[in-house]
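Student: Below: sequence and its predicted model.
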Amino acid sequence: MNGEPGPSVDEELDLYAILGVDKSASPNDIKKAYRKLALQYHPDKVSEDKREEAEAKFKQITQAYEILRDEQKRELYDTHGMAAFDPTRGGPGAGGVDLNDILSQMFGMGMGGPGGPRRPRRSPDEEQHYKVTLEELYKGKTVKFAAEKQVICSQCKGTGAKEKIKPNDCDRCGGMGRLEAYRQIGPGLVRKEIIPCDHCQGSGVYIKEKDRCKKCKGKRTVKETKALELYIPRGSMQGDRIVIDGEADQIPDTIPGDLIFHIVEEPHDVFTRIGHDLSADLHVSLVEALTGFSRVVLKHLDGRGIHINHPRGKILRPGDVLKVPHEGMPHKKGEGKGDLYLIVKVDFPEDGWLSNDNDYEALQKLLPPPPPLIEAEEVDEVQYEEKADIEQMGAHQGDPRYTGGEWEDDDDDHGGPQCATQ
């Protein structure tokens, strides 16, 4: 916490007008309106020049739907407007509407005391990793899925009891919902732990079986399968968090936590990504490296062919890098793109590709001459091994310059690192 105020919300927003429905609209009407507008303004469905405007409209439509489809949030909005969702006005003494007071009145969360009403607890967020391909991150992706979650029982409104039955505090835990317990962790060793009360299942209240709600059987929540939508903006990258507000399990007397997805970028066979830039190998033949070429060199993440026209007279060498501006990953915010780096790999011909001596002689006349002869008083003709491994140079010879050596940080009498030798 840095003490800075959080982002405020626009209190003038009319969520019903945004979705184009009346205040008396049923949940089904709200869902139909949202689906129609979401299809119209989805960023993947509009042209590039209208995408930024569509993203802003899509977020506004989604915000309106997330509030109005939820019975409790809709009641908050109908009573207090968008001020009920303004984090800058949620604390006691901040002026305006106090969200703690609202929730206390509606759900019985207020405790009173020297500091005013107790701030309602928030249920834990639910976090998980979500794997996405580089193609999907390049173009953006929308995922529709069914989530099974615990929701407040609609019949008893989360009390767990039948109508007009007031639950009593659990006698065993005194209404706390948890107990102290001791667990043996070794011979003669025990540890004190806090565990949910087994008498009230952690709820803090106990209801006789005959007085329990018939729908939730006194558990206060029921399982429900809900259709959700996960929107991954184009240009998203490894580690980004996609948050679906308030869609974690509901727990009585708490504000629901969020569903949080952490993006995991899957490796790609062709492209490597760093930030908004991409790199890929550019395979050219020996004749192309020497004489130039004009062709499609690779297929991009959106299916487009990338055409390169490399002129004659400019030799390409192994390891050269060509930079193609604005052909990298799209920026998550804005219209720009990163760059594409093409790393030259020259594909040399196979051994024996020339058929006869005349071909060799003709090629020697075309290519630049060899380096000047080296003169020496004595000359030895030696044998050699092909395709040796340079990483083995100096191996197991005790020289710390050997690249395969492992360094240790232990200090000796002379100070400094020591090379670990076998």
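Tutor: Received, thanks. These numbers come from a predicted model, not from an experiment.

Student: switch to C-alpha atoms for all contacts and neighbour counts from now on
Tutor: Will do.

Student: For this structure, which residues score under the pLDDT cut-off?
Tutor: 1-12, 86-120, 186, 188, 201, 203, 403-422 (pLDDT under 70).

Student: tell me the domain ranges of it?
Tutor: Following automatic domain parsing, one gets these domains for the chain: 123-167+207-265, 272-366, 383-422.

Student: For the stretch 1-150 of the chain, which segments count as helices?
Tutor: 15-19, 27-41, 51-68, 71-80, 99-107, 134-139 (DSSP state H, counting those that start in this stretch).

Student: Output the domains of the chain in a markdown table, with distance to Leu37 and mean neighbour count appended to each entry.
Tutor: Converted to a markdown table, the domains of the chain look like this (distance: least, C-alpha to C-alpha, whole Å; neighbours: other C-alpha atoms under 10 Å):
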| stretch | distance to Leu37 | mean neighbour count |
| --- | --- | --- |
| domain 123-167+207-265 | 14 | 18 |
| domain 272-366 | 22 | 15 |
| domain 383-422 | 61 | 11 |
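
Student: closest to Ile255 out of the helices of the stretch 1-150 of the chain?
Tutor: Proximity to Ile255 (C-alpha to C-alpha) singles out helix 99-107 among the helices of the stretch 1-150 of the chain, at 9.0 Å.

Student: which stretch of helix or strand covers the residue most central in space within the chain?
Tutor: Nearest to the mean C-alpha position of the chain, counting by C-alpha atoms, centre = their mean, stands Ile263 at 2.3 Å. If you go by DSSP states H and E, Ile263 is part of strand 259-265.

Student: now that strand, how far from the chain's geometric center?
Tutor: For strand 259-265, the separation from the chain centroid amounts to 3 Å (computed by C-alpha atoms, centre = their mean, to the nearest Å).

Student: other SSEs contacting the helix or strand following it?
Tutor: Remark: after strand 259-265, the chain's next helix or strand is strand 272-274, criterion DSSP H and E. Applying 3 or more C-alpha pairs under 8 Å, 6 or more residues apart in numbering; DSSP states H and E, one finds that strand 272-274 makes contact with strand 277-285.

Student: neighbouring contacts of the strand it packs on?
Tutor: Contacting residues not belonging to strand 277-285 are listed as 270-273, 297-298, 327-329, 338-349 [C-alpha atoms under 8 Å, 6 or more residues apart in numbering].

Student: Quick one: distance of that strand to the chain centre.
Tutor: Using C-alpha atoms, centre = their mean, the offset of strand 277-285 from its chain centre is 27 Å.

Student: Toward the C-terminus, what is the element adjacent to that strand?
Tutor: Following strand 277-285 in sequence, per DSSP H and E, is helix 286-291.

Student: Off-centre distance for that next one?
Tutor: Relative to its parent chain, helix 286-291 has a centroid offset of 43 Å by C-alpha atoms, centre = their mean.

Student: Mind giving me the packing neighbours of that helix?
Tutor: Against helix 286-291 (3+ C-alpha pairs under 8 Å, 6+ apart) you get strand 340-347.

Student: Pull the contacting residues for Lys139.
Tutor: Contacts of Lys139 by C-alpha under 8 Å, 6+ apart are 44, 234-235, 302.

Student: Could you rerun that using 10 Å?
Tutor: 44, 232-236, 301-302, 329-330 (C-alpha atoms under 10 Å, 6 or more residues apart in numbering).

Student: and those residues as TSV, adding secondary structure and distance to Met393?
Tutor: As requested, the contacts of Lys139 are exported to TSV (DSSP: H, G, I helix; E, B strand; the rest coil; distance: C-alpha to C-alpha, whole Å):
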residue	secondary structure	distance to Met393
Asp44	helix	54
Ile232	strand	49
Pro233	coil	49
Arg234	coil	47
Gly235	coil	44
Ser236	coil	43
Leu301	coil	41
Asp302	coil	45
Met329	coil	40
Pro330	strand	44
